[in-house]
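Engineer: Task: produce atomic coordinates for the following.
(one chain, ligands or ions: 1)
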Amino acid sequence: MKENKYSKIEQAISEYWSENHNNKFDVSSPVVRLHEPTFNSDEIIAFTKQMLTTNVTMGKTVKEFEEKYARSYGYKYGVSNNSGSSANLLMLSALTSSITENNLKKGDEIILPALTWSTTVWPVIQCGLIPVYIDCELDTFNMDPDKIEEAVSSKTKAIFSVPIYGNPCNMDAILSICEKHNLMLIEDCCESMGATYKGKSVGSFGRVGSFSFYYSHHITTLEGGICVTDDFDLAEMMRIIRAHGWIRQVEDKEKWTKKHPDFDPKFLFVNEGYNLRITEPQASMGLIQIDKLDGFIEKRISNASNYRSSFSKYSDFFSFQETTKDAKNSHFGFPFVVKKNNFFNRDEICKYLNDNGIETRPIIAGNIARQPANNLFDHRISGKLLNSDNIMDNGFSIGVHQSLCAESIEYVKEVFDNFFKERKAN
Ligand SMILES: Cc1ncc(COP(=O)(O)O)c(C=O)c1O
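Structural biologist: Reported below is the predicted structural model:
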């Protein structure tokens with residue numbers, strides 16, 4: 001009876017989905033979006049079924065989801081949470097807790113790229129650390145190892161590396177700087193899920209790494225994030241901080257109850273904390289999404305290589321992102337940086353693309369060190385941020401996602417060709 005009702009729900013959702021989301025390219029009204037949903041009726045059915053159980057708050061499904069994610073990409077522990085921004089906050093909060101071993105302390109400097117998202121930086125401030133901005137390389141878009149080395153001071157205790165747009169950083173160079181100056185490595189991989197360096201997943205090179213499951217990313221749990229680490233105690237501290245600072249979700253409860261025998265173990269609070277929990281329905285959709293990730297990334301790689309070879313004829317006008325040597329780029333988007341020329345600027349080409357139904361966006365948010373929020377907190381800028389500025393002022397990107405079909409890719413190329421013809425720039 002129950003099974004029968006479930007199968008009717010499944011059927012109705014599948015039919016509704018295929019009738020309303022056919023994802024076909026409409027030649028009469030072409031639209032090429034930056035993102036299309038990575039989920040379909042499979043995930044909606046899983047989500048709905050989980051809702052119907054009424055087990056919705058963090059529990060068994062979340063645990064299964066984080067174990068599967070960690071196992072699939074070579075991490076020991078995964079601590080999921082409600083966004084990539086929360087994942088950054090969670091790992092930095094755990095690393096700055098006074099009861100974490102080899103912790104970071106208030107006032108310690110942490111070197112990070114100026115070309116990054118706001119919530120790489122804000123959790124650094126929120127945890128009492130000082131961000132030190134450095135410039136990126138114009139070819140990879142990633143933090144320039146020479147600039148990292150120049151930025152190290154006696155106060156520097158960590159590097160916060162960010163693989164930009166799916167492109168892994170030169171991890172050999174970064175790790176050797178860490179070793180030379182005794183620095184901790186933390187990785188914000190929120191836009192680089194599935195990327196590898198020398199065959200090893202990003203997020204596994206430092207003490208802890210973060211990923212985002214936001215709607216527009218490689219896979220989604222609507223909103224969501226995960227911290228990955230091989231450090232058991234750090235994972236436990238993240239489980240504590242994720243949920244109010246109590247021990248409810250730790251694996252080794254005894255460690256804490258023995259230390260604090262006078263408290264009800266169900267209501268034992270051992271660190272300050274937040275509520276950054278993800279929910280069971282989100283995890284149930286995430287379990288399905290994980291199985292789709294590799295396929296999506298293959299499609300992104302193939303789309304990016306198609307664009308790259310077609311647009312190479314315009315390399316007098318654009319510079320492109322170069323994939324780091326020995327790395328697999330999981331291509332968050334397809335970025336362009338407009339070179340100085342006599343025919344057009346970035347805003348003109350973006351307007352032309354948008355008028356023709358092709359969505360564009362800035363590359364991340366450009367140089368985040370230029371944003372007014374920086375007036376509100378202590379930070380240091382090491383050297384000039386010329387490449388980050390250039391990318392902010394002249395960069396844009398288009399979608400490269402799994403749902404682009406051959407017709408939409410051909411259409412994008414045609415619109416570029418028309419633009420260059422109209423500008424008489426070819
Ligand atoms: C580098 C980086 N860090 C953090 C985030 C924040 O992730 P979320 O949107 O899931 O909070 C993003 C979002 O795109 C990002 O690109």
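
Engineer: How about the residues of this protein by the ligand?
Structural biologist: Where the chain comes near the ligand, counting by C-beta under 6 Å from any ligand atom, the residues are 83-85, 88, 116-117, 119-120, 162, 188, 190-191, 212, 214, 225, 364. C-betas here are computed from N, CA, C, even on glycine.

Engineer: top of those residues by neighbour count?
Structural biologist: Tallying neighbours with other C-beta atoms under 10 Å puts Asp188 at the head of the residues of the chain next to the ligand, with 31 neighbours.

Engineer: From His379, how far out is that one?
Structural biologist: For Asp188, the distance to His379 under the criterion C-beta to C-beta, to the nearest Å works out to 16 Å.

Engineer: Ok, Asn23 next?
Structural biologist: When distances are taken as C-beta to C-beta, Asn23 and His379 turn out to be 43 Å apart.

Engineer: For the closest residue to Asn345 other than its chain neighbours, give me its contacts.
Structural biologist: Spatial nearest neighbour of Asn345, chain neighbours left out: Val338 (6.3 Å); criterion: C-beta to C-beta, 6 or more residues apart in numbering. The neighbourhood of Val338, defined by C-beta atoms under 8 Å, 6 or more residues apart in numbering, consists of 317-318, 344-346, 349, 394-396.

Engineer: From those, keep the buried residues only.
Structural biologist: 317-318, 344, 346, 349, 394-396 (16 or more other C-beta atoms under 10 Å).

Engineer: For stretch 341-359, list the C-alpha coordinates in PDB.
Structural biologist: As requested, C-alpha coordinates have been extracted for stretch 341-359 and formatted as PDB (Å, rounded to 0.1, in the frame of the first residue of the first chain):
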ATOM      1  CA  ASN A 341      42.600  46.600 -28.100                       C
ATOM      2  CA  ASN A 342      41.100  49.300 -30.400                       C
ATOM      3  CA  PHE A 343      37.800  47.500 -31.200                       C
ATOM      4  CA  PHE A 344      35.900  46.700 -28.000                       C
ATOM      5  CA  ASN A 345      36.000  46.500 -24.200                       C
ATOM      6  CA  ARG A 346      34.700  44.000 -21.700                       C
ATOM      7  CA  ASP A 347      31.400  45.700 -21.100                       C
ATOM      8  CA  GLU A 348      30.600  46.000 -24.800                       C
ATOM      9  CA  ILE A 349      31.200  42.300 -25.600                       C
ATOM     10  CA  CYS A 350      29.200  41.300 -22.500                       C
ATOM     11  CA  LYS A 351      26.300  43.600 -23.600                       C
ATOM     12  CA  TYR A 352      26.400  42.000 -27.000                       C
ATOM     13  CA  LEU A 353      26.400  38.500 -25.600                       C
ATOM     14  CA  ASN A 354      23.600  39.300 -23.100                       C
ATOM     15  CA  ASP A 355      21.500  41.000 -25.900                       C
ATOM     16  CA  ASN A 356      21.800  37.700 -27.800                       C
ATOM     17  CA  GLY A 357      20.600  35.600 -24.800                       C
ATOM     18  CA  ILE A 358      24.100  34.500 -23.500                       C
ATOM     19  CA  GLU A 359      24.500  35.100 -19.800                       C
END
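
Engineer: Can you classify the nearest residue to Lys266 once chain neighbours are set aside by secondary structure?
Structural biologist: Setting aside the residues directly before and after it, Lys266 is nearest to Arg248 in space (C-beta to C-beta, 6+ apart), at 7.3 Å. Here Arg248 takes the coil state, with states given by DSSP: H, G, I helix; E, B strand; the rest coil.

Engineer: got it, and Ala283?
Structural biologist: Three-state assignment for Ala283 (three-state DSSP): helix.

Engineer: so it makes contact with Thr57?
Structural biologist: No - here Ala283 lies out of contact with Thr57, judged by C-beta atoms under 8 Å, at a distance of 10.9 Å.

Engineer: ok, the residue of the chain found nearest the ligand - contacts?
Structural biologist: Per C-beta to the nearest ligand atom, the residue of the chain with the smallest distance to the ligand is Gly84, at 2.5 Å. For Gly84, the contact set (C-beta under 8 Å, 6+ apart) comprises 119, 188, 190, 210-214, 217, 225.

Engineer: In strands, which of the residues you listed fall?
Structural biologist: When DSSP state E is applied, the contacts of Gly84 are split such that 188, 210-212, 225 fall in strands.

Engineer: and the contacts of Val338, which two are the farthest apart?
Structural biologist: Checked with C-beta to C-beta, the contacts of Val338 reach their widest spread between Phe344 and Gly395, with 14.2 Å between them.

Engineer: the helices in the stretch 151-300 of the chain, which residues?
Structural biologist: Using DSSP state H, counting those that start in this stretch, the helices assigned to the stretch 151-300 of the chain run over residues 171-181, 232-242, 254-259, 280-311.

Engineer: Tell me the buried residues in the first one?
Structural biologist: Right, the one you point to is helix 171-181. If you call a residue buried by 16+ other C-beta under 10 Å, then helix 171-181 has these buried ones: 171, 173-175, 177-178, 181.

Engineer: Averaged pLDDT, it. What do you get?
Structural biologist: Across helix 171-181, the average pLDDT comes to 98.

Engineer: which other helices and strands contact that helix?
Structural biologist: Packing contacts for helix 171-181, counted by 3 or more C-beta pairs under 8 Å, 6 or more residues apart in numbering; DSSP states H and E, involve helix 145-151, strand 156-161, strand 184-188.

Engineer: Please save the CA atoms from the first one in PDB.
Structural biologist: C-alpha atoms of helix 145-151 as PDB (Å, rounded to 0.1, in the frame of the first residue of the first chain):
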ATOM      1  CA  PRO A 145      53.800  31.200  -5.400                       C
ATOM      2  CA  ASP A 146      56.500  33.900  -5.700                       C
ATOM      3  CA  LYS A 147      54.000  36.400  -4.200                       C
ATOM      4  CA  ILE A 148      53.200  34.000  -1.400                       C
ATOM      5  CA  GLU A 149      56.900  33.800  -0.500                       C
ATOM      6  CA  GLU A 150      57.300  37.600  -0.600                       C
ATOM      7  CA  ALA A 151      54.300  38.000   1.700                       C
END
